[in-house]
Structures are given as structure tokens and as C-alpha cells.
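Chemist: Need a 3D model of the sequence below.
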Amino acid sequence: MLVAAAVCPCPPLLVPEVAAGAAAELDAARAACTDALGVLAAARPDLLVVVGPAEQSERGPYPQGARGTFSGFGVDADARLGTGEPGERELPVSLAVGAWLLERTAWADAPVEGLAVAPTLEPERCAETGRELAGRAARVALLVMGDASACRTLKAPGYLDDRAAPFDAEAARALGAADLAALKALDPALARELKAAGRAPWQILAGAAENAALTGTLLYEDAPYGVGYLVAAWS
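Modeler: Numbers count the residues shown, from 1 in each chain. Reported below is the predicted structural model:
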């Protein structure tokens, strides 16, 4: 059963070495992520699963010890999902950012695994995946990685779209309230048009939490680079 969840954005800029001189601009987001992960540790789960979006070749499960690297962004930095052998597959960026967040947090000794999913995964399949994850152990926690829209400003990756701010506001409200119905109702087609890769992971969380009666807290909401970044904690 799901006992806790943390929702965090997954830009590689969260890693200070990647952000370089602009690192301080996301200090508030990093602090909120640390607070959210503290909720996971306090829940003392038997299993933690980091869920995030990925390209087709990177999708699927990742075992404990899987390693990710930020060398593609010109820095010598990496992260690993707990302890263990690295394995052959490198973590996709979303899971690598999640692993980096875990490494800088006082994490419990529970096993840590990863699951990379398509950002276009249909809502019904998202909910089914969430239920499967929740049934993996008596006490399951999720670290849910994913950004909101990428269309909040003219300089955003997806340019300005007037639908982006309302979409992000509803996602933030639903995550802060642990509103499962509202999360499941997020439109996948609109999310795809707004480049909101967090939609599928959030709907996986909604499926996992169906019988958990968790409450939520929104810890951070902003769009510093025209991309919506949301942090929430459920317990």
C-alpha cells in the first residue's frame, strides 16, 4: 500500500553543477524537494520507487544501483539509485535527477527502484501501473518526477500558450489537495500539446493512492524558465 509520496520537477538544472552560475535561481525548488523527500523518509517505507518520464529507448524498470550521468550537459556529475551494481542501462534524466535528490537527503535504508514511463501513457494505463506499484510491498513510497507545462512564457521551450497557466494551476491544486479524481481527469492530449511530461507520472500516483487516504501539501509552485515546476508531499 502507498504510505507516502513526493512530487518533484525533473529539470537537470536542479543539479547545481549543471546550472553553474544560475544555480541559486532554483534554491527554493531544491529546498522544497528536500522537504518533500523528508516526508518519504519519515514514512519508513519497505520500498521506494522513483517514477519519471523518458524517451522510448529508456522506458521500463531500473534496479537498485542503476546509475545516471549528467555528462551530456557538460559536467562531471552522476547519481545512483541506492547501493548495488550499476547495471548496463543508464538512468534517463528524470530518474537521474530523482536519484540525485535522494543522494542529498537523509534517506532510509529501504530498497530503491526506478520506473521510466512514456509521457504519453494513457490515463487508464497510468492508473493500472500505479495500482501495481502500490501492491509491491506492505509500505510503498513514490518519488514522482515530472514537470508541468513548458509553455508559460515567450522564451519557454514550447513558446507561450494561454492554456498553460490554467493547466498548471489545476495540476498544482490537485497535487496539493491529493485530489485523485482531478489528477486522473488531466487531459493527455492537452498535456502533450503543452509539453507537460509530468502528467503521466502524476496519474500513476493517483492510481497508486486509490486506497491510501493520503493528504497532500503543495510546497512549491513556479515557472522560472517558462516551465511549470511543482513540488508536493503526500502522507
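Chemist: going forward, measure contacts and count neighbours with C-alpha atoms only.
Modeler: OK.
Chemist: what ranges do the helices span in this structure?
Modeler: Listed in chain order, the helices of the chain (DSSP state H) span 16-19, 27-42, 93-103, 123-134, 164-177, 180-184, 188-193, 199-208.
Chemist: Single out the most deeply packed of the ones you listed.
Modeler: helix 199-208 (a mean of 30; mean count of other CA atoms under 10 Å).
Chemist: what angle sits between that one and helix 123-134?
Modeler: Counting by axes from the mean of the first three to the mean of the last three CA atoms, to 10 degrees, helix 199-208 lies at 60 degrees to helix 123-134.
Chemist: what's the angle between helix 199-208 and helix 164-177?
Modeler: Computed by the same axes, to 10 degrees, the angle separating helix 199-208 from helix 164-177 equals 30 degrees.
Chemist: one step back: want to throw the helices of the chain into a markdown table with mean pLDDT and distance to residue 234?
Modeler: Formatted as a markdown table, the helices of the chain follow (pLDDT from 0 to 100; distance: least, CA to CA, whole Å):
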| stretch | mean pLDDT | distance to residue 234 |
| --- | --- | --- |
| helix 16-19 | 90 | 26 |
| helix 27-42 | 96 | 8 |
| helix 93-103 | 96 | 17 |
| helix 123-134 | 98 | 14 |
| helix 164-177 | 98 | 8 |
| helix 180-184 | 98 | 12 |
| helix 188-193 | 98 | 23 |
| helix 199-208 | 98 | 10 |
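Chemist: out of these, nearest to residue 76?
Modeler: Among the helices of the chain, the nearest to residue 76 by CA to CA is helix 16-19 (8.1 Å).
Chemist: Including distance to residue 85, could the helices of the chain go into CSV?
Modeler: Below are the helices of the chain laid out as CSV (distance: least, CA to CA, whole Å):
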stretch, distance to residue 85
helix 16-19, 25
helix 27-42, 23
helix 93-103, 15
helix 123-134, 23
helix 164-177, 34
helix 180-184, 36
helix 188-193, 35
helix 199-208, 26
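Chemist: closest to residue 77 out of the ones you listed?
Modeler: helix 16-19 (7.3 Å).
Chemist: pretty sure residue 12 is touching residue 98, no?
Modeler: No - here residue 12 does not reach residue 98: they are 9.9 Å apart, not a contact under CA atoms under 8 Å.
Chemist: And the residue nearest the centre of this protein?
Modeler: residue 145 (0.9 Å; CA atoms, centre = their mean).
Chemist: so it bridges to which residues?
Modeler: Beta-bridge partners recorded for residue 145 (DSSP bridges): residue 8.
Chemist: Which pLDDT does the model give it?
Modeler: Among the per-residue scores, residue 145 shows a pLDDT of 98.
Chemist: From what I see, it and residue 5 are in contact.
Modeler: No - at 10.6 Å, residue 145 does not count as touching residue 5 under the criterion of CA under 8 Å.
Chemist: Around residue 161, count how many other residues there are.
Modeler: Look at residue 161: counted by other CA atoms under 10 Å, it has 16 neighbours.
Chemist: Hmm, I typed the wrong one, I wanted residue 6.
Modeler: 27.
Chemist: residue contacts, it?
Modeler: 33, 36, 37, 39, 40, 142, 143, 144, 231, 232, 233, 234 (CA atoms under 8 Å, 6 or more residues apart in numbering).
Chemist: and the gap between the fourth one and residue 23?
Modeler: In other words, residue 39. Computed as CA to CA, to the nearest Å, the residue 39 to residue 23 distance reads 24 Å.
Chemist: And the closest residue to residue 87 other than its chain neighbours, how close does it get to residue 17?
Modeler: Nearest residue to residue 87 in three dimensions, chain neighbours excluded: residue 66, at 5.7 Å (CA to CA, 6 or more residues apart in numbering). Separation of residue 66 from residue 17 (CA to CA): 21 Å.
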